[in-house]
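> Based on what follows, work out the 3D shape:
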Amino acid sequence: HTPDVDYVRSLGADRVIDTDRQPLDGQTGVFDVVIDAVGREVPEALFAALRRGGRLITLQEPPSEELADEYGVTALFFIVTAVQNGLARIADMIDAETLKVGVAATFLLAEGRTAYESGALRRSCPGKTVLVVRG
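As a prediction, the model looks like this:
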């Protein structure tokens, strides 16, 4: 297994497909939820991999509503918006260690462009990129 697969399993996934090693083709109707955090175009195979009534969540671009209807799934485009009290609750959970956040890389704020570009690189461990702001 790759570190990414092990990490996703540690989050509670019963079954994980590492698309670098195993094609999605032939995985039809087996998943309740598919999260596409990488692709710019959502392949039809992701819709097909879901059981009817399943959910596809994309982070890069809105998914095709036509394909969602064809496969009988709900397709959602997830956009993060910051809400101050929600961020404060998350910070409290991190401080209390009830929420664990994987950090893949840290950069100084002045290195923001490099941090952004690092998102396209294959990392040795999964997690968030953090910009460090020093006052």
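> Which strands and helices lie in contact with the longest strand seen in the chain?
Identified as the longest strand of the chain according to DSSP state E is strand 50-58. Packing partners of strand 50-58 (3 or more Cβ pairs under 8 Å, 6 or more residues apart in numbering; DSSP states H and E): strand 31-36, helix 65-71, strand 74-77. For every residue, glycine as well, the C-beta is placed using N, CA and C.
> how about TSV for these, with mean pLDDT, mean neighbour count and distance to residue 107 added?
Written out in TSV, the entries for the helices and strands packed on strand 50-58 read as follows (pLDDT from 0 to 100; neighbours: other Cβ atoms under 10 Å; distance: least, Cβ to Cβ, whole Å):
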stretch	mean pLDDT	mean neighbour count	distance to residue 107
strand 31-36	88	17	25
helix 65-71	95	14	37
strand 74-77	94	16	27
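> Please identify which of the ones you listed is closest to residue 120.
With Cβ to Cβ, the closest approach to residue 120 among these belongs to strand 31-36: 15.9 Å.
> which residues of the protein fall in helices?
With DSSP state H applied, the chain shows helices at 3-10, 44-49, 65-71, 84-95, 112-118, listed in chain order.
> dump the residue contacts of residue 16.
Neighbour list for residue 16: 5, 8-9 [criterion: Cβ atoms under 8 Å, 6 or more residues apart in numbering].
> pLDDT wise, what is it at?
Residue 16 carries a pLDDT value of 81.
> Repeat that for the one 5 residues further on.
At residue 21, the predicted lDDT confidence score is 81.
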